[in-house]
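A.B. asks: predicted structure and sequence below. I'll ask about it afterward.
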Amino acid sequence: MIKAVRLGKKYGGVWVFRGVDLELPEVGMAVVVGPNGSGKTTLLKILAGLLEPDEGEVYIMGMPPAVAIRRMRRAVLYAHQEPLVLAGAVEDNLFCRNDEVFDALGLGGLLGRKARELSGGYKKLLTIARVLSCRPKVALLDEPTAYLDAEKRKALMEYLWQYSKRALVVWTTHYIAEVPPGVPLYELRDGRLRNLATP
Ligand SMILES: Nc1ncnc2c1ncn2[C@@H]1O[C@H](COP(=O)(O)OP(=O)(O)OP(=O)(O)O)[C@@H](O)[C@H]1O
């Protein structure tokens, strides 16, 4: 479903990574770990079609991201690392209505609240809900568990696990321990992507 071939990206002449090959299925979960600044966000944004690589190609369902995104509206969505909220109520911050997602993430009772007055953790959940509520076929989630307490992390993980039975969920984290057993795990480090043994 997602294929990256010899991907490379540089900023100001300095390569973040090169030679990144990746092949992910249509349905399931995959996780990218790596130290600060190793390029996880950059990789996810390239897969989402939000950034152009300097080398290599990406295919989503056999199409370049720009084509896939045009043909299949809201099928490939990226959730920012930073909690991203707009003015207005929580419900004004959403593109799609999906009570199942709001309830699973604990946002169900907050739809009328001013989004900018939410706590950091709830802003982060809103950032994720904005993406998942549109039911993308590919959800690219940048550090989805950051800002969350243990209970919310657990609820989010359970929901992502369910979601990944019908779509592809790719997410990043700094904590290998939170990656469920059996999930394909990749590490970006020193400009390379390695397939790590499953924890
Ligand atoms: N727009 C940009 N212009 C210049 N350099 C950038 C830009 N965006 C990212 N970088 C640099 O690219 C490298 C990779 O950044 P990126 O945010 O992808 O890493 P990351 O693995 O997601 O980091 P973190 O774990 O800290 O979130 C870093 O050195 C960063 O400073």
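C.D. replies: Yes, it's here. Here the structure is a predicted model, which means the values were calculated and not measured.
A.B. asks: contacts and neighbour counts: CA atoms only from here.
C.D. replies: Will do.
A.B. asks: for residue 184, which non-adjacent residue is closest in space?
C.D. replies: residue 30 (5.0 Å; C-alpha to C-alpha, 6 or more residues apart in numbering).
A.B. asks: name the helices or strands packed onto the worst-scoring helix or strand of the chain on mean pLDDT?
C.D. replies: Least confident helix or strand of the chain, by mean pLDDT, DSSP states H and E, is helix 65-71 with a mean of 85. Counting contacts by 3 or more C-alpha pairs under 8 Å, 6 or more residues apart in numbering; DSSP states H and E, helix 65-71 is packed against strand 55-60.
A.B. asks: list of residues touching the strand it packs on?
C.D. replies: With C-alpha atoms under 8 Å, 6 or more residues apart in numbering as the contact definition, strand 55-60 has outside contacts at 1-9, 18-19, 46-47, 64-65, 68.
A.B. asks: returning to that earlier point: contacts for the host helix or strand of the residue nearest to residue 184?
C.D. replies: Using DSSP states H and E, the element containing residue 30 is strand 28-33. With contacts defined as C-alpha under 8 Å, 6+ apart, strand 28-33 is touched by 24, 40, 161, 164-176, 179, 183-188.
A.B. asks: for the residue most central in space within the chain, give its distance to residue 89.
C.D. replies: Central residue of the chain (C-alpha atoms, centre = their mean): residue 141, 1.5 Å from the mean position. Residue 141 sits 23 Å away from residue 89, going by C-alpha to C-alpha, to the nearest Å.
A.B. asks: mind listing which of the contacts of strand 28-33 are in helices?
C.D. replies: Among the contacts of strand 28-33, the ones falling in helices (DSSP state H) are 40, 161.
A.B. asks: now, of the contacts of strand 28-33, which are buried?
C.D. replies: Buried members of those, counted by 16 or more other C-alpha atoms under 10 Å: 24, 40, 164, 167-173, 176, 179, 184-188.
A.B. asks: give the rounded mean pLDDT of stretch 77-91.
C.D. replies: Across stretch 77-91, pLDDT averages out at 94.
A.B. asks: contacts for that stretch?
C.D. replies: Under C-alpha under 8 Å, 6+ apart, the answer for stretch 77-91 is 41, 44-45, 48, 93, 110-116, 120, 123-128, 130-131, 136, 138-144.
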